[in-house]
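Trainee: only geometry, no sequence info:
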């Protein structure tokens with residue numbers, strides 16, 4: 001690539017940016033997914049509180065806050081690299097869940113979607129020679145691994161509990177501590 005082509009790739013939002021248009025697009029997509037996750041988990045928290053799952057509601061409120069912080073981390077990274085992040089519009093979220101296990105299965109499904117998105121972005125940032133973004137995204141990959149492991153652990157306990165209402169009560173109580 002010649003210097004003019006490289007320079008053109010770094011023009012973003014009508015100003016000079018320290019990241020390419022492709023990386024900007026990827027990061028804005030991650031902003032969207034993190035904000036969407038926050039909103040989904042907020043709806044799960046409200047549903048859980050309404051249904052009397054106190055532990056699950058506390059856990060999901062924490063998850064919603066954490067996802068919002070992830071979004072802000074990406075915002076800050078983009079701004080530090082002289083790039084203006086986009087604030088996405090998120091559709092209204094509602095929870096059509098049946099029970100504690102259903103909420104956690106839907107949470108895991110969304111976390112897997114977010115993980116897949118980060119996993120796609122890593123090789124692209126490496127291919128484009130953006131080592132800073134590659135390193136930045138590594139943090140999110142590790143965070144996703146932890147989040148998925150936490151949900152899988154809870155789902156394993158629910159599987160062991162089966163339909164035992166007392167066991168579900170104690171699992172819900174345990175979620176307050178996570």
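Mentor: It's in. Since the model is a prediction, treat every value here as computed from it, not as a measurement.
Trainee: phi first, then psi, for the residue nearest the centre of the chain.
Mentor: Nearest to the geometric centre of the chain sits residue 34, at 4.0 Å (C-alpha atoms, centre = their mean). The phi and psi values for residue 34, taken as degrees, to the nearest 10, are phi -70, psi -40.
Trainee: SS state for the residue lying closest to it once chain neighbours are set aside?
Mentor: Excluding its sequence neighbours, the residue lying closest to residue 34 (C-beta to C-beta, 6 or more residues apart in numbering) is residue 71, at 3.9 Å. Every residue, glycine included, has its C-beta placed from N, CA and C. Of the three states, residue 71 takes helix under DSSP: H, G, I helix; E, B strand; the rest coil.
Trainee: can you give me the strands in this structure?
Mentor: Under the criterion DSSP state E, strands of the chain are mapped to 11-12, 15-16.
Trainee: weakest of those in terms of mean pLDDT?
Mentor: Note on these: strand 11-12 shows the lowest mean pLDDT, a mean of 42.
Trainee: contacts only, for residue 108.
Mentor: By C-beta atoms under 8 Å, 6 or more residues apart in numbering, the contact set of residue 108 is 148, 151, 152, 155.
Trainee: again, but for residue 114
Mentor: Applying C-beta under 8 Å, 6+ apart, the residues contacting residue 114 are 33, 34, 37, 144.
Trainee: now with 7 Å, please.
Mentor: Shown in contact with residue 114 (C-beta atoms under 7 Å, 6 or more residues apart in numbering): 33, 37, 144.
Trainee: which one of the residues you listed has the most neighbours?
Mentor: Neighbour tally across the contacts of residue 114 (other C-beta atoms under 10 Å): the maximum, 25 neighbours, falls on residue 37.
Trainee: picking up where we left off before, pretty sure the residue nearest to residue 34 contacts residue 31?
Mentor: Yes. Between residue 71 and residue 31 there is a contact under C-beta atoms under 7 Å: 5.3 Å.
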